[in-house]
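quick check, what structure comes out for this input:
(chains A and B)
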Amino acid sequence: MMELTYDRGTLLLLGMASPMTSGLDPKAWPGVVWDPRVDAYRVPAWRYSEVLGRLERAGVAVVDGVDTWKDWRVYGWREVALRPYQAAALYAWGAAQRRGLVSLPTGSGKTWVAMAAMAQLGVPTLCVVPTRVLMHQWCSVLGRVYDGPVGVWGDGRRRLYPVTVTTFESAYRHMAGWGQRFGLLVVDEAHHFGQSTRDLLLEMSAAPARLALTATPPEPGPQAQRLEELLGPRVFRARLADLQGQYLADFHRFTLVLDLSPAERRAYDLEYGAFRAFYLPYRLQHPGGTWADFLRVATRSDDGRRGLAAWRASRRLLAFHETKAAALQWLLARHAERRVLIFTPDNQTAYRVAAHHLVMPITCDIGRAERARSLELFREGRLRTLVSSRVLNEGLDVPEADVGIIVGGTSGTREYLQRLGRILRPAPGKRAELWELITRASPESWRVRQRELTVGAELPTPVLEQVAPERKVGGQR
Amino acid sequence: MIPWALLDYADQAGELVPSMLGEADTIWLRALLDAYDRYVGRRRRDLKQHLQAPLPVACPARGLRRASHVLDRLWDSEALGPVAPRDLREAVFTEAAKGVRRDLALGRVARRLGIRPGEVEGSLFADLPGERRLAPRPEGLNPWELALRVNLATAQAVLRRARRVRLDVEGHVRGLVSQAKWGGLMCVARPGRNRAHLVLEISGPMALFRRAQVYGRALAGLVPQLLWCDRFHLRADCEIEGAPRTFVLQSGDPIFPAAEPRRFDSKVEARFFDDFCRAAPDWDLVREPEPLVVGSTLIFPDFALQHRRHRWRRWLLEIAGFWTPDYVERKLAQLSEVGRRDLILCVDAQGQCSGQEAVRRDRVVEYRRRVDPSEVLRIIEQPGPIR
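Sure, this is the predicted structure:
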């Protein structure tokens, strides 16, 4: 009789008869290796179902010490009402052996699909989400359809319940301790996986059922392949355009192309020139080098460090300058009665915008209680504008927002779609607007042009309006 | 932990030798500490700006950045201002949301709180990392201590990239092994060249499958503990920029140690120590003696009892607060497997974790609240062969 146990993120196959006598050689199975430290076969925990299946097919009697969750049945779920596309997604996932990636646009209720899956399966479930803010948001949404206690692991709290929410970081560090306790693993914003050391948390979980959620699935390639291996195939996809109008608000997109003031342009040219003086020779010498390679080289010499400092200074200049401040002033005055989200490339710019326009910043430096309070004031209408760099990008629920302003930076397709999604929560008669402020003749404008090539595929009804360039936009309030 | 880019290291035939700070560096470290002292009460951001300029004494560029990195984490700071920044932000931003002009909104809030408009603007973000004011120097922090702390952080930064560690270690291993276990690591032990010497192979379960930096953190956590061992030699297999490298750390390397481990794990142990010393003047009681190697695992007795005149009379004693009969049986079986009959197991009569009755055995002493020294003496004073 052999025993299968969970050991800190791996499974141990104890008491296997020798391949010579049993004719069964686990080393030939994918992922299984002999561990001389404990004299047993070892395999990463995510292959649990596969290994168990192989043992059963070979007719080996197994004492399964892994499935601690099988004795549990989670009660307390109320009925989860799903929209047609959500129900279709759930069905597709069920049909794919309860492993797979569901891709729905931001704001279309991915969480509800996950909750319906949890209610349907009724097994202990671990939800992993990217940030602490999202962790708390998941808890409150779960509270709407689940009467039991919701466990939280992260942000100073450590409580496991049959339904538990945790952050990527906490799960990465602690999965080894409780990776066998859950039968279903829900991964929010799953596009973060498939290419980093974080994948380890998926490998250390023994949960056979896995539901991955994302608005922006990776393109076919090594990352998509790895995701499929760890979480299952892509089972359902709805695009923004499929849901726009009925389940998501209608929207317009605008881009304001702005000039730097003459003094700022001179300063920018100086800084960017200093950066190029170091970067171009490097590029010629290392045509295939990545940005990370460049950073490694640059930080090791005085010239390199000066070049990097110049690059940072040039970016700071582009991120928020006089003309952008004026344009933002005009936009805020124009949308004085609406709820506005301002997106910046980094926290420093968020604080500059906050101090200049007296709008509330939502960043990682702002404590949990203050963030919650600010979102509450925003809902009540006592705050009308929030500014943030990354915190508002993913999943955070701010249903009242209907205007988005991207102040700068070089946001890629994924970030752009996430930010757009933030203002698309439907409401009667709502027409959302997404504005983007970019600087002419700068990396910003080149990147935006590049991005529009791929965004076009995501948004089949492009409503991009290039506003004619002006030296100053609008007037002061 | 120091970012990798700040490390200076040499590659000596596959061995990675990071540059550590020594006596000679205390000159510029003192200048750095003085710079921090001068900025007490001022903003961190300003200090950072000031440190862009060279120090008055010569110093290695990356060494300076490593030291500032460590100091920034060590040196406290506080948010100063007439009103808590959080309350101020709510007041200002809700006022501005009413659609009034910027200066008007600031003026109204200032009037309401009884401060100047300039103060409102100045303390709006006084609690952000760069805006906080430096507190006085941490107590006892001197250039040499700073050098040791930088070295510790450097060694830990290297060990963050380790897959596996081999340790030759003597004396006070217990804290180290329990730290490794807490970090989710596996310790495979082999007896060394003498009773006190041990060879430990430390790695994580997943290390077989991938380069898992999740263990790097746990492996790095072992470094401060090492300093409390009598002697150690650590050899780590690391992966640096895609290539395998080894890293060696040993007794005598200038590293900042962890806080001194507690002398006793529990009150019961402390009380037994006092009681036994009083009751048995013929015996010496040694705290945390050498571990027993059983197979590839270790048993850590709490005490060794050594007769003062008859040096061959030596017993080991372990106190178990929580236990099951199964645990006792297994432990005794393990010991008899390696031919050891010199361990006395003291078990708490109230610490039984299963419903079953305990099996009465020789050399197992039950206690309530305190271990009776006479019970122990009864076992160790009886005549006859021990092993």
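
dump the residue contacts of residue 236.
All of this is about chain A. Contact analysis of A:Phe236 by C-beta atoms under 8 Å, 6 or more residues apart in numbering or on different chains lists A:88-89, A:92-93, A:100, A:102-104. The way it works is simple: take the backbone N, C-alpha and C, and place the C-beta from them, glycine included.

hm, I was asking about chain B
For B:Ala236, the contact set (C-beta under 8 Å, 6+ apart) comprises B:158-159, B:162, B:164-166, B:219, B:246-249.

change it to 6 Å
By C-beta atoms under 6 Å, 6 or more residues apart in numbering or on different chains, the contact set of B:Ala236 is B:159, B:162, B:165, B:247.

residue ranges with poor pLDDT in the stretch 351-477 of chain A?
Scanning the stretch 351-477 of chain A with the threshold set as pLDDT under 70 gives A:395-396, A:409-411, A:456-477.

no, scratch that, I was asking about chain B
B:211-213, B:353-360, B:383-387.

residues from it in reach of chain A?
Contacts of chain B with chain A, taken as C-beta under 6 Å from any C-beta of the partner chain, map to B:5, B:86, B:92-94, B:96-97, B:99, B:102, B:105, B:125, B:128, B:184, B:186, B:188, B:205-206, B:208-209, B:212-214.

which stretches in the stretch 51-200 of chain A count as helices?
Secondary structure of the stretch 51-200 of chain A (DSSP state H, counting those that start in this stretch): helices at A:84-95, A:110-121, A:132-145, A:168-178, A:199-203.

got the angle for the longest one vs helix A:110-121?
So the one you mean is helix A:132-145. Interaxial angle of helix A:132-145 relative to helix A:110-121 (axes from the mean of the first three to the mean of the last three C-alpha atoms, to 10 degrees): 50 degrees.

ok, the residue nearest to A:Glu56 when sequence neighbours are not counted - contacts?
Counting by C-beta to C-beta, 6 or more residues apart in numbering or on different chains, A:Val62 is the residue found nearest to A:Glu56 once chain neighbours are left out, at 7.3 Å. Shown in contact with A:Val62 (C-beta under 6 Å, 6+ apart): A:2, A:4, A:55.

show me what A:Val62 bridges to in the sheet.
When bridges are called by DSSP bridges, A:Val62 pairs up with A:Met2.

can you check the pLDDT for it?
pLDDT recorded at A:Val62 is 88.

taking chain B, what residue is nearest to chain A?
Closest residue of chain B to chain A, C-beta to the nearest C-beta: B:Ala96 (3.6 Å).

give me the number of neighbouring residues for that residue.
Neighbour count for B:Ala96, taken as other C-beta atoms under 10 Å in any protein chain shown: 24.

residue numbers of the stretch 351-477 of chain A in contact with chain B?
Counting by C-beta under 6 Å from any C-beta, the stretch 351-477 of chain A sits next to chain B at A:351, A:358, A:360, A:365, A:370, A:382-384.

next: chain A.
Contact residues (C-beta under 6 Å from any C-beta) of chain A with chain B: A:7-10, A:33, A:35, A:37, A:42, A:44, A:176, A:197, A:200, A:299, A:336, A:351, A:358, A:360, A:365, A:370, A:382-384.

sorry, back to before: ok, now how distant is the residue nearest to A:Glu56 from chain B?
20 Å (C-beta to the nearest C-beta, to the nearest Å).

report the distance from stretch B:252-268 to the chain centre.
Its chain's C-alpha centre and that of stretch B:252-268 lie 9 Å apart, by C-alpha atoms, centre = their mean, to the nearest Å.

what are the buried residues along it?
B:253, B:255-256, B:258, B:265, B:268 (16 or more other C-beta atoms under 10 Å in any protein chain shown).

closest one to B:Glu23 among the helices of the stretch 51-200 of chain A?
The closest of those to B:Glu23 is helix A:168-178. By C-beta to C-beta, the value is 37.7 Å.

which parts of the stretch 101-250 of chain A are strands?
Remark: strands assigned in the stretch 101-250 of chain A by DSSP state E, counting those that start in this stretch are A:125-129, A:150-154, A:157-159, A:163-167, A:184-187, A:209-214, A:234-237, A:250-258.

direction included, what does the fourth one pair against?
Applying DSSP bridges to the sheet, strand A:163-167 is found paired with strand A:125-129 (parallel), strand A:150-154 (parallel).

from those strands, which stretch is densest packed?
Mean neighbour count (mean count of other C-beta atoms under 10 Å in any protein chain shown) peaks for strand A:125-129 among the strands paired with strand A:163-167, with a mean of 28.

how far is it from where the chain is centred?
Averaged C-alpha coordinates place strand A:125-129 at 14 Å from its chain's average position (C-alpha atoms, centre = their mean).

now stretch A:265-277
Centre-to-centre, stretch A:265-277 and its host chain are 34 Å apart (C-alpha atoms, centre = their mean).

the residue of chain B closest to chain A reaches B:Leu104, doesn't it?
No. Counting by C-beta atoms under 6 Å, B:Ala96 stays clear of B:Leu104, with 9.1 Å between them.
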